[in-house]
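Peer 1: The following comprises the amino acid sequence and a computationally predicted model.
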Amino acid sequence: MQALKVIARQFLTDFRVYLEPAAWRMLVLGFSAGLPLFLVLGTLSFWLREAGIDRTTIGYLSWVSLAYAFKWLWAPLVDRMPIPLLTQALGRRRGWLLLSQLCIVLGLLAMSFNDPQVALSPVVWGALAVAVGSATQDIAIDAFRIESANPDRQAALAAAYQIGYRLAMIWAGAGVLWIAARSESSAISGYQPGAWQTAYLVMAASMSLGVITVLMSPEPLRLAVLPAKNAADWLRSALVEPFADFLKRYRWQAVLILGLIATYRISDVVMGSMANPFYVDMGYTKDEVAAVTKIYGVIMTLLGAFVGGALTMRLGVKRVLMLGAVLSAASNLLFAVLSTRGHDVHGLIFVISADNLAGGIASAAFIAYLSGLTNVNYSATQYALFSSMMLLLPKFLAGYSGRYVDHFGYLNFFVATALLGVPVLLLVALVLRAKSPSGA
């Protein structure tokens, strides 16, 4: 009994960190970050498939999200360049956050006013604007988070961020489908573009949560940065030094670390590009997908993020990285089994639940790991480099996912994405054996 009391007290101590103001801010900012990603990468593919766009085209259009993989190119600007008026009024981090959020809202409005069945290009350009604005917001949020708390709080902030992020993805997935289904006319059968346009207008309005949080949050304290005197000085201090700092600190381990970053989420990202077309082709309705992801997805996402954050604090980041890598690859095999069962709602419930649990655990550990690699002097640039590398290879491969499904079918596709996770296990094992010079 005494041992149980000790465990209960330890749990309450660990849980209190989630009640701190910084954690609540990261929860909402995580929501603001997760909302646009799924609207251009996930839900959009459901909309396009229902509008009759072929899978190969949908796969290629997923390259719009490569904006996230190249955000390191303008991350130095977010780290160093002030925005007229906004920086003076809000500070550097909050100024960039607000600007990026306005770009996202405008892009979502552009998507909502067009029908891809009639004119696909305007929808694609709107999605590109959302992706660029969202990638910029990610840079600013990551720096904001890293600069808002000490290293011992980063795992908890990462978990809070991940909870908000996952909730937003569910709202941008299940919520959009639910709104679109409610907006359809029962007198008309088949594809109804107006329903999707209404849903995307609601998503644009949902970004107001992030805007309000930015306006009400304090600007984080950060180390002073001397202004560059000329273009060469700026290039060296804003672009070269952050990358050189990482290589100097980790030396030969840098190659190993960068390899792990580049492949850790490859199974999830490549599989996710065809998830919604898979639901449509298997005959699942918008209401069915929305209900399953809204109820079971939310529960398992919250559980996964909490478990991932708690395990990371208790066992260390690297051990939970291995657990997340195993679970992420294994959950794709469940989709392979589901593809052989046709329209199976109970099977969908189980698979989505397991996938969200695995994703929550893996993401919480991975975000904490990336945060521990950064130097606070270059937090925005270095974290943007890491998170961009995380997406570059997976997003590139995801562009060919539609062609792969067309040639080999969903079963082989899901098995192949699971096998992509095998090299990740080896890389995590090597990272576990290597002793990081910074204790990351």
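Peer 2: Cool, the structure landed. Residues are numbered from 1 along each chain as shown.
Peer 1: Low-confidence ranges, the protein, go.
Peer 2: 1-20, 149-155, 222-235, 237-239, 294, 376, 379-381, 384, 434-440 (pLDDT under 70).
Peer 1: give me that answer again for 50
Peer 2: Scanning the chain for pLDDT under 50 picks out the ranges 11, 223-226, 228, 438-440.
Peer 1: Skip the chain neighbours and tell me the closest residue to the residue nearest the centre of it.
Peer 2: Central residue of the chain (Cα atoms, centre = their mean): G34, 5.7 Å from the mean position. The shortest distance from G34 to any non-neighbouring residue, by Cβ to Cβ, 6 or more residues apart in numbering, is to A168 (3.3 Å). Any C-beta I mention is one placed from the backbone N, CA and C, and that applies to glycine too.
Peer 1: Surely the residue nearest to the centre of the chain and Y161 touch.
Peer 2: No: using Cβ atoms under 8 Å, G34 is not in contact with Y161; the gap is 9.1 Å.
Peer 1: where exactly do the helices run in the stretch 301-440 of the chain?
Peer 2: Taking DSSP state H, counting those that start in this stretch, the helices of the stretch 301-440 of the chain run over residues 317-338, 345-373, 379-398, 401-419, 422-433.
Peer 1: Please produce a markdown table containing these, extended by distance to I188 and mean neighbour count.
Peer 2: Below are the helices of the stretch 301-440 of the chain laid out as a markdown table (distance: least, Cβ to Cβ, whole Å; neighbours: other Cβ atoms under 10 Å):
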| stretch | distance to I188 | mean neighbour count |
| --- | --- | --- |
| helix 317-338 | 30 | 21 |
| helix 345-373 | 25 | 23 |
| helix 379-398 | 33 | 23 |
| helix 401-419 | 28 | 19 |
| helix 422-433 | 46 | 15 |
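Peer 1: so which of the ones you listed comes closest to M300?
Peer 2: Nearest of the helices of the stretch 301-440 of the chain to M300, taken as Cβ to Cβ: helix 345-373 at 4.0 Å.
Peer 1: now stretch 83-102, how far from the chain's geometric center?
Peer 2: Offset of stretch 83-102 from its chain centre (Cα atoms, centre = their mean, to the nearest Å): 22 Å.
Peer 1: Contacts for that stretch, please.
Peer 2: Stretch 83-102 is contacted from outside by 29, 32, 78, 82, 133-134, 136-137, 139-141, 143-144, 147, 207, 210-211, 214-215, 217, 219-220, using Cβ atoms under 8 Å, 6 or more residues apart in numbering.
Peer 1: Could you tell me which of those count as buried?
Peer 2: When the contacts of stretch 83-102 are checked for burial by 16 or more other Cβ atoms under 10 Å, the buried set is 29, 32, 78, 133-134, 136-137, 139-141, 143-144, 147, 207, 210-211, 214, 217, 220.
Peer 1: Out of these, name the ones that lie in helices.
Peer 2: Among those, DSSP state H puts 29, 32, 78, 133-134, 136-137, 139-141, 143-144, 147, 210-211, 214 in helices.
Peer 1: Please tell me how far the nearest residue to T263 once chain neighbours are set aside sits from Y264.
Peer 2: Ranked by Cβ to Cβ, 6+ apart and with sequence neighbours excluded, the top spatial neighbour of T263 is V424, at 5.2 Å. Per Cβ to Cβ, to the nearest Å, V424 is found 6 Å from Y264.
Peer 1: Over to V337?
Peer 2: 24 Å.
Peer 1: Equivalent analysis for A429, please.
Peer 2: In terms of Cβ to Cβ, A429 sits 13 Å off from Y264.
Peer 1: Relative to G283, how far out is the residue nearest to the centre of the chain?
Peer 2: Taken as Cβ to Cβ, the span from G34 to G283 is 28 Å.
Peer 1: do the same with N377
Peer 2: 54 Å.
Peer 1: The two: which has the busier surroundings?
Peer 2: N377 (16 against 10; other Cβ atoms under 10 Å).
Peer 1: ok so, going back, what do V424 and Y264 both touch?
Peer 2: A325.
Peer 1: quick one: contacts for D406?
Peer 2: R55, T56.
Peer 1: how close does it get to Y400?
Peer 2: 10 Å.
Peer 1: One more: P122?
Peer 2: P122 is 25 Å from Y400, by Cβ to Cβ.
Peer 1: Likewise for L102?
Peer 2: Taking Cβ to Cβ, one finds L102 at 34 Å from Y400.
Peer 1: Repeat that for P193.
Peer 2: Computed with Cβ to Cβ, the distance linking P193 and Y400 is 28 Å.
Peer 1: repeat for K286
Peer 2: K286 is 27 Å from Y400, by Cβ to Cβ.
Peer 1: Quick check: the two most widely separated of the ones in helices among the buried ones among the contacts of stretch 83-102?
Peer 2: G133 and E147 (21.3 Å).
Peer 1: Isn't the residue nearest to G34 up against V28?
Peer 2: No: in this structure, A168 is not within contact of V28 by Cβ under 8 Å, at 9.6 Å.
Peer 1: neighbour-wise, which of those two wins?
Peer 2: A168 (27 against 21).
Peer 1: What residues does the nearest residue to D54 once chain neighbours are set aside make contact with?
Peer 2: Leaving aside its sequence neighbours, D54 sits nearest to G402 (Cβ to Cβ, 6+ apart; 7.4 Å). Contacts of G402 were listed using Cβ under 8 Å, 6+ apart, and they are D54, R55, T56, T57, I58, G59, Y60, S273, M274, P277.
Peer 1: Could you list which of those belong to helices?
Peer 2: Using DSSP H, the contacts of G402 in helices are R55, T56, T57, I58, G59, Y60, P277.
Peer 1: quick one: the last one and F46 touch, right?
Peer 2: Yes: taking contacts as Cβ under 8 Å, P277 lies within contact range of F46: 7.4 Å.
Peer 1: Please tell me how far E219 sits from R94.
Peer 2: On the measure of Cβ to Cβ, E219 and R94 end up 6 Å apart.
Peer 1: re earlier: can you say which helix or strand has the residue nearest to the centre of the chain in it?
Peer 2: Assigned by DSSP states H and E, G34 belongs to helix 21-41.
Peer 1: what inclination does that helix have with respect to helix 379-398?
Peer 2: Here helix 21-41 points in a direction 30 degrees away from that of helix 379-398 (axes from the mean of the first three to the mean of the last three Cα atoms, to 10 degrees).
Peer 1: and helix 21-41, how far from the chain's centre?
Peer 2: 9 Å.
Peer 1: what's the helix or strand following that helix in contact with?
Peer 2: Heading C-terminal from helix 21-41, the first helix or strand you meet, by DSSP H and E, is helix 43-50. For helix 43-50, contacts defined as Cβ under 8 Å, 6+ apart pick out 55, 57-58, 61-62, 111, 116, 123, 127, 172-173, 176-177, 180, 191, 196, 273-277, 279-281, 286, 289.
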